[in-house]
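> After the sequence you'll find the predicted model.
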Protein chains: 2
Amino acid sequence: MLTRIDHIGIACFDLDKTVEFYRATYGFEVFHSEVNEEQGVREAMLKINETSDGGASYLQLLEPTREDSAVGKWLAKNGEGVHHIAFGTADVDADAADIRDKGVRVLYEQPRRGSMDSRITFLHPKDCHGVLTELVTSASPEQTEH
Amino acid sequence: MLTRIDHIGIACFDLDKTVEFYRATYGFEVFHSEVNEEQGVREAMLKINETSDGGASYLQLLEPTREDSAVGKWLAKNGEGVHHIAFGTADVDADAADIRDKGVRVLYEQPRRGSMDSRITFLHPKDCHGVLTELVTSASPEQTEH
């Protein structure tokens, strides 16, 4: 069951400048940053609020590390903006299987590693009214039950 | 101060079909629906979770009521997808003034009426790294302090 908006993924050309925009304009601070070589992104997570399921909602700022990554290609086509949205669940495997059974294309055969050691998968935007949709299960109870 | 992700605004061609997609695929239910003639949209709010500031996070599904509305023009150009993101604040007037002072274009001189009698304004996407950004103050303490 999907129990929260986990994050909004925003693609940008320059991560440092975009982080600085969110800090200077709204006061949002970087909670976590990492490079995900498999996804081809350098990213910063800005924590906005905690959520009633024990998790939290973030902005995820994404800069491609290579032009041929999914985010790199998307940026070249669309320019900066909202790249995807993500819902949090306690069980990404069960939800992905259930959603696949309903006829929505799930992009990974098995969930992969996402931000902060979460497990993630994506749903095809053409099956979701144009919205690239991610499902996320956080890494550890410590991360979602503080 | 912006204290939550209030909603993600998603533009769609057919509100009823899109509401049904979110219900059938994820189990999300309509919390509120209305027509906003000033904005030129018919909309449904799907409540996803409550937030640590006493508010909640929603998906806001938007169907234009006329082709020349902002959402109608956006849909004609972009197709279905994420139209804007919105942050919640206890004082949209103060935050809008503060953000305007920082050089970000605020689209309304004064906040206008948004979903569920909230007061809203928008920031120019070209000043926000491509993201049309809304600021929202909910209508009543009852809506944000339950």
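Received the coordinates, thanks.

> wait, doesn't residue A:43 sit right on residue A:64?
No. Using C-beta atoms under 8 Å, residue A:43 is not in contact with residue A:64; the gap is 10.1 Å. Every residue, glycine included, has its C-beta placed from N, CA and C.

> ok now stretch A:72-89, how far from the chain's centre?
For stretch A:72-89, the distance between its averaged C-alpha position and the chain's averaged C-alpha position is 9 Å (C-alpha atoms, centre = their mean, to the nearest Å).

> now stretch A:27-36
12 Å.

> List the contacts of that stretch.
For stretch A:27-36, the surrounding residues in contact (C-beta atoms under 8 Å, 6 or more residues apart in numbering or on different chains) are A:19, A:22-23, A:41-48, A:58-59, A:65, A:113-116, B:1-2.

> Quickly note the distance from residue A:123 to residue A:18.
According to C-beta to C-beta, to the nearest Å, residue A:123 and residue A:18 sit 25 Å apart.

> Would you mind listing what in chain A touches chain B?
Taking C-beta under 8 Å from any C-beta of the partner chain as the test, the list of chain A residues beside chain B reads A:1-5, A:8, A:10, A:12, A:18, A:21, A:24-28, A:48-53, A:57, A:59, A:79-82, A:85, A:87, A:99, A:102, A:104, A:125, A:128-131.

> And residue A:29, how close does it get to residue B:52?
16 Å.

> more crowded one of those two?
Taking other C-beta atoms under 10 Å in any protein chain shown, residue A:29 and residue B:52 do not tie; residue B:52 has more neighbours (14 against 11).

> Grab the nearest non-local neighbour of that one.
With C-beta to C-beta, 6 or more residues apart in numbering or on different chains as the measure, residue A:50 is the residue that lies nearest to residue B:52, at 3.8 Å, once sequence neighbours are left out.

> Would you mark the buried spots in the helix ranked longest in chain A?
Longest helix in chain A by number of residues (criterion: DSSP state H): helix A:15-26. Judged by neighbour count (16 or more other C-beta atoms under 10 Å in any protein chain shown), helix A:15-26 contains these buried residues: A:15, A:18-19, A:21-22, A:25-26.

> Check stretch A:28-44 too.
By neighbour count with 16+ other C-beta under 10 Å, stretch A:28-44 contains the buried residues A:28, A:36, A:39-44.

> Can you flag which of those residues belong to strands?
When the buried residues of stretch A:28-44 are checked against strands using DSSP state E, the ones located there are A:36, A:41-44.

> Now render the residues you listed as JSON lines, adding pLDDT.
As requested, those are arranged in JSON lines below (pLDDT from 0 to 100):
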{"residue": "A:36", "pLDDT": "92"}
{"residue": "A:41", "pLDDT": "96"}
{"residue": "A:42", "pLDDT": "97"}
{"residue": "A:43", "pLDDT": "98"}
{"residue": "A:44", "pLDDT": "98"}
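
> Nearest to residue A:94, out of those residues: which one, please.
The shortest gap between residue A:94 and any of those belongs to residue A:36, at 23.9 Å (C-beta to C-beta).

> got a pLDDT number for residue A:38?
According to the predicted model, the pLDDT of residue A:38 comes to 88.

> could you measure it against chain B, distance?
Residue A:38 sits at a distance of 24 Å from chain B (criterion: C-beta to the nearest C-beta, to the nearest Å).

> show me what contacts that residue?
For residue A:38, the residues meeting the contact criterion (C-beta under 8 Å, 6+ apart) are A:112-113.

> cutoff 10 Å now
The contact partners of residue A:38, by C-beta atoms under 10 Å, 6 or more residues apart in numbering or on different chains, come to A:69, A:112-114.

> and stretch A:110-117, how far out from the chain's middle?
10 Å.

> next one: stretch A:122-138
10 Å.

> With stretch A:116-129 instead?
So, by C-alpha atoms, centre = their mean, the centroid of stretch A:116-129 is 8 Å from its chain's centroid.

> So what would you say the end-to-end distance of it is?
Using C-alpha to C-alpha, to the nearest Å, the gap from the first to the last residue of stretch A:116-129 comes to 28 Å.
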